[in-house]
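Visitor: No sequence on hand, only this structure:
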């Protein structure tokens, strides 16, 4: 059996591990269009200010499956499902028996006058981070478009280098997908303390240049802000070109079934390119979350090698991050408000914040800021759609622990202890 994996990030590597576990001698070819060996993408902002070296974000060799034929700077440009072949940029073709498309996603570049050109960056790859770091040398000011997770990590990295940094966000708070108004206010204090300016409720109308060099941006209200470089972090879009070339069924992402099988019986898909369902709401989503990608890859790889694993769905929100020294974890439906069958519990003590969202007898969302202990068990309760009616008092208390659940559900002890 010949397996080919397109993509060497979280989903692709997890799939290779699962295949090798079931099929110790099979040929596994992995194609990556990057020049660097597999690395941990969430850590690339640290490359900007040398918070970590390149070696520290590389995947440990001992975690790479044995006898993996990893081909760097190898981009697939064509897919022929009838012939079971992929066409590569160098003119060659590669045959497969089972194929995994883990092609990921690409940053969205808004249609803004002057945005295309030198001095404007996205942050998705190792090379992107190095490009930003190089541009920051000798620069005095930076504008970040988008106050999401990538935008804010970029802002802190550039501020660490001594640049004047301004974040421009169209919505009314920073990290709007992950934080509600109260938790965003906590982080806004940390952002301001770090010397980063935020402009909310506005966006960039135009990027101004002198020749090819960025000099400033004009906002939608007419204000002009000086800038030597710009980082755009307004979201990503699934890389569907290869799937479309092969005639596979697509929507916002590549359509798969519960086994992560596409509309072709020999082609699977996993990671940021996949359209799956939200594990809480059941609605279709395209997830850009590293942990979701790894979980999908493991399921897809197992099934490619003859398994019968099923994928229950992804969290549309499952993020852990740190900003200004404060950790935060957000899971599930955190933006719901009390009403109908929804009940919200929230409390803040200084820079510590806890929010739990319930639908009937189920926990469906949470935000933890500062004190993030027991996040694993909360997450598992959400994923398992557990009935927490008899745990409500303990869940709302500050001393909730595994024992409360174990006493009520002794048969599930292993599952919930492992979640921690």
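Guide: Looks like it arrived, so ask away. Because the structure is a prediction, the values reported are computed rather than measured.

Visitor: residue boundaries of the strands in the stretch 201-350 of the chain?
Guide: 204-210, 213-219, 224-226, 229-232, 236-238, 254-255, 267-269, 274-277, 284-286, 318-323, 326-332, 342-349 (DSSP state E, counting those that start in this stretch).

Visitor: Does anything pack onto the helix or strand following the last one? Which helices or strands?
Guide: Pointing back at strand 342-349 there. Per DSSP states H and E, the first helix or strand lying C-terminal to strand 342-349 is strand 352-359. The contact analysis (3 or more C-beta pairs under 8 Å, 6 or more residues apart in numbering; DSSP states H and E) places strand 352-359 against helix 181-193, strand 342-349, strand 362-369, helix 392-396. Just so you know, the C-beta spots here come from the backbone N, C-alpha and C atoms, and that holds for glycine as well.

Visitor: Model confidence for the nearest residue to residue 276 once chain neighbours are set aside, exactly?
Guide: Spatial nearest neighbour of residue 276, chain neighbours left out: residue 314 (5.1 Å); criterion: C-beta to C-beta, 6 or more residues apart in numbering. In this model, residue 314 is scored at 87, pLDDT.

Visitor: quick one: contacts for residue 314?
Guide: 276, 277, 278, 279, 285, 287, 289, 292, 295, 296 (C-beta atoms under 8 Å, 6 or more residues apart in numbering).

Visitor: which residues pair with it across the strands?
Guide: residue 278 (DSSP bridges).

Visitor: Tell me the spacing between it and residue 85.
Guide: According to C-beta to C-beta, to the nearest Å, residue 314 stands 30 Å off from residue 85.

Visitor: For residue 232, which of the helices and strands packed on strand 352-359 is the nearest?
Guide: helix 181-193 (18.6 Å; C-beta to C-beta).

Visitor: which secondary structure elements does the next helix or strand after the closest one contact?
Guide: Sequence-wise, the next helix or strand downstream of helix 181-193 (DSSP H and E) is strand 197-200. Helices and strands touching strand 197-200, by 3+ C-beta pairs under 8 Å, 6+ apart, are strand 164-169, helix 181-193.

Visitor: Out of these, point me to the one whose mean pLDDT is lowest.
Guide: helix 181-193 (a mean of 94).

Visitor: what residues does that one touch?
Guide: 152, 155, 167, 172-176, 179, 198, 323-326, 328, 346, 348, 351, 353, 355, 367, 369-370.

Visitor: OK, contacts around the residue most central in space within the chain?
Guide: Centroid-nearest residue in the chain, with C-alpha atoms, centre = their mean: residue 289, separated by 2.8 Å. Going by C-beta under 8 Å, 6+ apart, residue 289 touches 314, 315, 317, 318, 319.

Visitor: Give me the contacts around whichever strand or helix holds residue 144.
Guide: Residue 144 belongs to strand 141-145 when assigned by DSSP H and E. Identification of contacts with strand 141-145 by C-beta under 8 Å, 6+ apart yields 110, 136, 151-152, 154-155, 158, 163-168, 203-204, 217, 225-234.

Visitor: buried subset of the residues you listed?
Guide: 136, 151-152, 154-155, 158, 163-168, 203-204, 217, 225, 227-234 (16 or more other C-beta atoms under 10 Å).

Visitor: Next, the contact list for the closest residue to residue 129 other than its chain neighbours, please.
Guide: Leaving aside its sequence neighbours, residue 129 sits nearest to residue 47 (C-beta to C-beta, 6+ apart; 3.9 Å). Residue 47 is in contact with 54, 57, 126, 129, 130, 133, counting by C-beta under 8 Å, 6+ apart.

Visitor: By neighbours, which of these wins?
Guide: residue 129 (23 neighbours; other C-beta atoms under 10 Å).

Visitor: State the helix or strand in which it lies.
Guide: helix 126-136.

Visitor: and the angle for that helix with strand 213-219?
Guide: Following axes from the mean of the first three to the mean of the last three C-alpha atoms, to 10 degrees, one obtains 100 degrees for the angle between helix 126-136 and strand 213-219.

Visitor: What is helix 126-136 packed up against?
Guide: Looks like helix 126-136 contacts helix 45-48, strand 120-122, helix 149-160, strand 229-232 (3+ C-beta pairs under 8 Å, 6+ apart).

Visitor: I'd like the mean pLDDT over that helix, please.
Guide: pLDDT averaged over helix 126-136 gives 95.

Visitor: List the contacts of that helix.
Guide: Against helix 126-136 from outside (C-beta under 8 Å, 6+ apart): 34-36, 39, 44-45, 47-50, 54, 57, 119, 121-123, 142, 154, 157-158, 161, 163, 228-229, 231.

Visitor: ok, residue 223 - contacts?
Guide: Counting by C-beta under 8 Å, 6+ apart, the residues that residue 223 touches are residue 202.

Visitor: For residue 147, see how far away it is.
Guide: Relative to residue 147, and taking C-beta to C-beta, residue 223 is found at 17 Å.

Visitor: Scan the protein for its longest helix.
Guide: Assignment by DSSP state H gives helix 290-304 as the longest helix of the chain.

Visitor: Looking at that helix now, give me its mean pLDDT.
Guide: The pLDDT scores in helix 290-304 average 95.

Visitor: Provide the angle between the direction of that helix and the direction of strand 318-323.
Guide: Angle, helix 290-304 to strand 318-323, by the same axes, to 10 degrees: 140 degrees.

Visitor: Helix 290-304 - contacts with which helices or strands?
Guide: helix 10-22, strand 98-101, strand 267-269.

Visitor: Recalculate using a threshold of 10 Å.
Guide: Where contact means 3 or more C-beta pairs under 10 Å, 6 or more residues apart in numbering; DSSP states H and E, helix 290-304 is packed against strand 2-6, helix 10-22, strand 98-101, strand 267-269, strand 274-277, strand 318-323.

Visitor: Many thanks, we can stop here.
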